[in-house]
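[1] make a model of this:
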Amino acid sequence: MSFLDNLENNLKALESREEKDPASLREAQARREAERAAALAAAPMAETLRHGPFTEKFLTACRVLGHAQRTMVRFTWIDNTLRLEAKERRLDLIPRAEGVEAAFSIDQHPVSSRLLTLTEDPEEIAQSWLSA
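    Numbering: from 1, shown residues only. Next up is the predicted model:
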């Protein structure tokens, strides 16, 4: 048996031992259950963000302000997250159980975040994002 075959067999044995470890299996299951519970709790906010009137007004306000600044505002849905990008600025609207988290970033570096209830004025939020 060559050295590489022996090494491969040892790695496979370690991986299978790790997969059978009851502590790691419980930990992985607990993590999956926590992620699922968080997704279920955030589902109503995600639905409101995707189909509610706030999003339409917010996107319109961003396009109008971006046009006035000669900046193209691009938006993308990533799962339940709405991502807006304008030059080096980025805004992620992430649904949470208690509201929608607005995470502001410049050049891939987080600047600030705040919790929205989707009852705020969309134009004010767009103005604060694009003028910051």
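[2] which helices and strands sit right next to the host helix or strand of A37?
    Per DSSP states H and E: A37 is located in helix 22-51. In terms of contacts (3 or more Cβ pairs under 8 Å, 6 or more residues apart in numbering; DSSP states H and E), helix 22-51 is packed against strand 89-95. (Each C-beta comes from the backbone N, C-alpha and C, glycine too.)
[3] identify the residues contacting the strand it packs on?
    42-43, 45-46, 48-49, 80-85, 100-106, 108, 116, 129-130, 132 (Cβ atoms under 8 Å, 6 or more residues apart in numbering).
[4] again, 7 Å this time
    42, 45-46, 49, 80-84, 100-106, 129 (Cβ atoms under 7 Å, 6 or more residues apart in numbering).
[5] just the C-alphas of the following helix or strand past that strand, formatted as CSV.
    Later in the chain than strand 89-95, the nearest helix or strand by DSSP H and E is strand 100-106. In CSV, the C-alpha atoms belonging to strand 100-106 read as follows (Å, rounded to 0.1, in the frame of the first residue of the first chain):
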residue,chain,number,x,y,z
VAL,A,100,-36.4,44.0,9.2
GLU,A,101,-32.7,44.6,9.8
ALA,A,102,-31.2,47.3,7.5
ALA,A,103,-27.4,46.7,7.3
PHE,A,104,-25.5,49.6,5.7
SER,A,105,-22.1,48.9,4.2
ILE,A,106,-19.5,51.0,2.3
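[6] can you give me the buried ones in strand 100-106?
    V100, E101, A102, A103, F104, S105 (16 or more other Cβ atoms under 10 Å).
[7] output these in a markdown table, with pLDDT appended to each entry.
    What follows is those, written out as a markdown table (pLDDT from 0 to 100):
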| residue | pLDDT |
| --- | --- |
| V100 | 94 |
| E101 | 95 |
| A102 | 95 |
| A103 | 95 |
| F104 | 94 |
| S105 | 94 |
